[in-house]
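Engineer: Need a 3D model of the following:
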Amino acid sequence: MAQEKATPNPSNLKDLKELKTEAELKQDLAILKAQVSELMEDIKRISEKGIEHIGDKIEREFEHYSEKATDKIRDTQQAADDGLEEISARVRKNPVTSVAIAFFVGYIVAKITGSK
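Structural biologist: Purely as a prediction, here's the structure:
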């Protein structure tokens, strides 16, 4: 028994109303290619906008943290200046005691580090 190739019968296929010619299939393929190309361009535009949005967000976040860091540095510098002013005021009030404390601390550090 030889196998026969079955040719599609349009009346038996639910979704196929008529057989398409090769030219019609090529035309459909060209339309599909154009639609895919347009879709790819749309995706590209959307992704570029997304990248711009992300870049803007990163820039805003960087500026925010940069300002916070600047504020913290300013606060730290102010605290250090206040501490130095307080130490200077104590030294001016008790110069002899301050010199004695400085000598004692220097002596202890020298003993610990083994300096002569």
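Engineer: Only C-alpha atoms from now on, for both contacts and neighbour counts.
Structural biologist: Noted.
Engineer: Tell me the pLDDT of residue 39.
Structural biologist: pLDDT for residue 39: 89.
Engineer: chain center to the helix or strand that contains it: distance?
Structural biologist: Element membership for residue 39 (DSSP states H and E) is helix 22-93. On the basis of Cα atoms, centre = their mean, to the nearest Å, helix 22-93 sits 6 Å off its chain's mean C-alpha point.
Engineer: Pull out the buried residues from the host helix or strand of residue 101.
Structural biologist: Using DSSP H and E, the element containing residue 101 is helix 95-113. The neighbour-count check on helix 95-113 (16 or more other Cα atoms under 10 Å) flags residue 98 as buried.
Engineer: avg pLDDT for that helix?
Structural biologist: pLDDT averaged over helix 95-113 gives 90.
Engineer: pLDDT weak spots in the protein?
Structural biologist: 1-20, 115-116 (pLDDT under 70).
Engineer: make it 80
Structural biologist: 1-25, 47-53, 55, 115-116 (pLDDT under 80).
Engineer: center of the chain, which residue is that?
Structural biologist: Nearest to the mean C-alpha position of the chain, counting by Cα atoms, centre = their mean, stands residue 58 at 5.8 Å.
Engineer: Tell me how far it lies from residue 22.
Structural biologist: Distance of residue 58 to residue 22, computed by Cα to Cα, to the nearest Å: 53 Å.
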